[in-house]
Structure formats: C-alpha cells, structure tokens
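In: Coordinates for the following, if possible.
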Amino acid sequence: MMSEPQTKWIVNVFGKEGCAKCTMLNRRLDKLLSEERFAAFSKHYYDIMTEDGLVHFCLAQCLNPSRIPAMLVARVNPDGSNELLPNPDPDGTDAVCGKSKLYQYLGLQTDYSGKGGGIITPEMLESILTQAQAMQ
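Out: Numbering: from 1, shown residues only. This next block holds a predicted model:
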C-alpha cells in the first residue's frame, strides 16, 4: 500500500458560483496539483457567496472582492495549523504574475485591467507554487 504524500502547503482558492474565471482557475490549478512535483499541495475552495467562504475571505484581509477569483498559499505546520506564506519579494516586479501577484502574501488575485485581461494563467499558478516550494 502506497502512502500519500503529506500535505505541506494549502492553496486557498476564493471564487463564486457561476463565475467562469473561477471555474477556469480551479481547472488549471487541479491540473497542476495532479502532477507529481506538486503532490505535497492540497486545495481548499471557498465560495465567497456562502457564509463559510465569506468568513475565510474576510480573515485573509488582503484580497479585493472586485478581483475574484483569487488564491493564497499557506504552509502546514507540524502541529497541523497553517499560516499564510509571506510574499518573498513584495517590492519586486514579477515578470510572470504582474499585477495579479499579491503584495503581502504569496498568492494571486485577478487583474481586470487592460493588460491583465482578467486571466490567471497556468504559468502564474506554476510560478506561485514553485515559489512556495522554495520557501521550505
């Protein structure tokens, strides 16, 4: 019997029902998380139109409700608790994620400006997951 890899990181995804971009983000993230190199990640999805989802969204304290879908990465501590990972370079320019990258914590929110086009690309997702792995 094979043992499952222990979850080291949680990707907290915030979206809402009927949001095509939320569905696309979840699909792209699920595809990446199915790869062996990202086996230590798990995903928690929060629908911000529900009480539970709204509570978690508010507790994040760094997301703009006009920029949904969004995601934040947390590290799972040995005691089972988790904490949001800080952005390793909050003042830097991120060539892959651009304005979608969050300032305070490691994560993304949708950039609906002309340049962002309202899309979180697979490359952006991979970049954030790889940055989380580098912060061990």
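
In: what separates Met71 from Glu126, distance-wise?
Out: 13 Å (C-beta to C-beta, to the nearest Å). For the C-beta atoms, the positions are set from N, CA and C on the backbone; glycine is no exception.

In: ok, these two, which is more surrounded?
Out: A direct count of neighbours by other C-beta atoms under 10 Å for Met71 and Glu126 places Met71 higher, at 28 against 17.

In: my guess is the more buried one contacts Leu108, does it?
Out: Yes - in this structure, Met71 is within contact of Leu108 by C-beta atoms under 8 Å, at 5.4 Å.

In: how near is the residue positioned nearest the centre of the chain to Gly114?
Out: The chain has Met71 as the residue nearest its centroid, 2.8 Å off, counting by C-alpha atoms, centre = their mean. According to C-beta to C-beta, Met71 and Gly114 sit 22 Å apart.

In: quick one: contacts for the residue nearest to Leu25 when sequence neighbours are not counted?
Out: Closest residue to Leu25 apart from its sequence neighbours, by C-beta to C-beta, 6 or more residues apart in numbering: Pro69 at 4.5 Å. Counting by C-beta atoms under 8 Å, 6 or more residues apart in numbering, Pro69 touches 13-15, 19, 21-22, 25-26, 109-110, 120.

In: Which two of those residues have the greatest separation?
Out: The most widely separated members of the contacts of Pro69, counting by C-beta to C-beta, are Asn26 and Gln109 (14.8 Å).

In: Comparing those two, which shows the higher neighbour count?
Out: Comparing Asn26 with Gln109 by other C-beta under 10 Å, the one with more neighbours is Gln109, at 23 against 17.

In: Quick check: phi and psi at Ser81.
Out: Backbone torsions for Ser81, taken as degrees, to the nearest 10, come to phi -70, psi 170.

In: number of nearby residues for it?
Out: Neighbour tally, Ser81, other C-beta under 10 Å: 9.

In: again with the one 10 residues further on
Out: When neighbours are defined as other C-beta under 10 Å, Asp91 has 6 of them.

In: What distance do you get for it to Leu84?
Out: In terms of C-beta to C-beta, Asp91 sits 18 Å off from Leu84.

In: Same check on Gly117?
Out: For Gly117 relative to Leu84 (C-beta to C-beta), the value is 26 Å.
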